[in-house]
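[1] predicted model, plus sequence, below.
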Amino acid sequence: MRVHLTATAAAAVRRGHPWVYRDGIAGGGGRAAGPGDRRRGERAPRGGGGAAASAATGDVVELSAEGAPFLGRGLWDADSPIAVRVFQRAQAPALDERAIAERLERAFALRDGWFAGRDTTAYRLCNGEGDRVPSLVIDRYDRVAVVRLDGGMLAPWLDRLLPHLARALGARGVRSIGLRARGEAPSGDADGKKLAHLHGPPLPDRLFVRETGVAMEVDLARGQKTGAFLDQRDNRARVRALAAGRRRVLNLFSYAGGFSVAAALGGAGRVTSVDSAPAAHATAQRTFRENGVDPAAHDFVTADAFDFLEKARVRGDRYDLIISDPPSFAPSERAKPRALGAYRRLHAAVARVLDRGGVLCAASCSSHITAEDFLATLDDATLERDDLRVRATHGQPEDHPTLPAWWEGRYLKFVVLE
Ligand code: SAH
């Protein structure tokens, strides 16, 4: 099956961008090409758009463009706005499960090295596009691996890939493999569970993992993402180091309390965790106990973060370390202006309860907001103060690798102001 690309889409593929959007297909997104469909100056695709029209989700397609008979190979998706995810750019014998399994083995072997001796049992084993296995995310939670597929193109491959996964992960101590329901939809089965069993002993609903020496409860069945926000691991360790000697810490959007327990273990006096979901606090409190920290010595507030901040300001409460890690405010490019406004309002409210001499850690997990965009929501005019400097900016850890041309993969910003 051949897919003929527009000049723009072909250039992106050459740079190593792993996605071809439907409008990057010459002759119209997989529909049989009519004369009016083509961009001016592009010749009629020879079996390009027309061939793609008959492809099924998961089919291997060959990419070509004007003057480039072979650009690479990828997998077709008949439904998603991303029509092709590109797996190979060079001529390789085939794009089959062996080729994919080899890339997975490379991704796993890299983690063996990266996490050796770090007292960390939860990490991303494969970061999809960033590990050159587009659409496939695999997170490890100690003896359990959770698979998530972005888009549908690898779903027809899963049965063939599973024996390899079981073997390669089994050799590394993973016993069970589960499949996370697609997307971030809160729906699950009748039970609210979002995890299906694929291989090995039954999956636990919850389990404890270790992260940089800290115990952390993970809600595999009902938690967010594949269970935890593994991308903040190094930033949690940073907060632990920043917390020494702090009297009052505020962790906004605290979820399972990862930053909270890091601050408590780092020596903070009293840590206040704020999240709108009460279930998150129950998880956080079990994590506190597992680490030998009494949750009764700290505060867990179920509230909207904006409401909490306004009430704290009125009460005159002040904090000397604040962490703010909200859910993505900008799920799309179109939502960006509104999202920037929301970050500004949030940061202005945070600044009003931050002590002089305090530290603010502000995070954003939206790929549509660049680091510069995000810093602009923390400027002097927004915060209405001029005593802070950017001490450091961090991103995602090495187990969430990206590609130079795949800017969408670099989504996490973590700015430390002091
Ligand atoms: N910092 C966390 C991840 C945060 S995820 C970690 O490191 O693990 C975002 C969290 O924000 C979710 O738990 C969600 O319940 C919560 N949330 C979403 N909107 C909120 C709001 N308006 N006020 C308070 N919490 C909110």
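    Sure thing, it's come through.
[2] now do the strands in the stretch 51-200 of the chain.
    60-65, 68-76, 82-88, 122-127, 136-141, 144-149, 176-180, 195-199 (DSSP state E, counting those that start in this stretch).
[3] what helix or strand is residue 218 on?
    strand 214-219 (DSSP states H and E).
[4] that strand vs the ligand: in contact?
    No: legend: contact between strand 214-219 and the ligand by CB under 6 Å from any ligand atom is lacking; minimum distance shown is 9.0 Å. In this view, the C-beta of every residue, glycine as well, is placed from N, C-alpha and C.
[5] from the chain's centre, how far out does that strand sit?
    18 Å (CA atoms, centre = their mean, to the nearest Å).
[6] elements contacting that strand?
    If contacts are counted by 3 or more CB pairs under 8 Å, 6 or more residues apart in numbering; DSSP states H and E, strand 214-219 sits against strand 206-211, helix 258-265, helix 278-290.
[7] name the residues of the shortest one that are buried.
    Buried residues in strand 206-211, counting neighbours by 16 or more other CB atoms under 10 Å, are found at 207-209, 211.
[8] okay, it in CSV with CA atoms only?
    Output of strand 206-211 as CSV, limited to C-alpha atoms (Å, rounded to 0.1, in the frame of the first residue of the first chain):
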residue,chain,number,x,y,z
ARG,A,206,-3.3,-1.0,43.8
LEU,A,207,0.3,-1.6,44.6
PHE,A,208,3.2,0.2,46.2
VAL,A,209,6.2,1.0,44.0
ARG,A,210,9.5,2.8,44.9
GLU,A,211,10.6,6.0,43.4
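[9] oh, and call the first residue 7 from now on, that's how I've got it
    Taking 7 as the first residue, the last one we looked at is strand 212-217.
[10] so what strands line up beside it?
    Paired strands of strand 212-217, with direction, are strand 220-225 (antiparallel) (DSSP bridges).
[11] so what touches the partner strand?
    128, 147, 211-216, 233-234, 242, 246, 262, 264, 267-268, 271, 285, 289, 292-293, 296-297 (CB atoms under 8 Å, 6 or more residues apart in numbering).
[12] report the inter-axis angle for it versus helix 284-296.
    Put simply, strand 220-225 runs at 150 degrees to helix 284-296, going by axes from the mean of the first three to the mean of the last three CA atoms, to 10 degrees.
[13] next, work out how far apart the nearest residue to residue 134 once chain neighbours are set aside and residue 168 are.
    Once flanking residues are discounted, residue 134 sits nearest to residue 143: 5.0 Å by CB to CB, 6 or more residues apart in numbering. According to CB to CB, to the nearest Å, residue 143 and residue 168 sit 15 Å apart.
[14] please identify which residue in the stretch 7-156 of the chain comes closest to the ligand.
    Per CB to the nearest ligand atom, residue 128 is where the stretch 7-156 of the chain lies closest to the ligand, at 11.7 Å.
[15] who does the nearest residue to that residue once chain neighbours are set aside bridge with?
    What sits nearest to residue 128 in space, not counting adjacent residues and going by CB to CB, 6+ apart, is residue 215, at 3.8 Å. Beta-bridge pairing for residue 215 (DSSP bridges): residue 222.
[16] circling back: closest one to residue 364 among the helices and strands packed on strand 220-225?
    Of all the helices and strands packed on strand 220-225, helix 264-271 sits nearest to residue 364, with 12.8 Å by CB to CB.
[17] can you list the residues of the protein near the ligand?
    Proximity of the chain to the ligand, by CB under 6 Å from any ligand atom, involves residues 235, 238, 259-262, 264-265, 280-283, 286, 310-311, 331-333.
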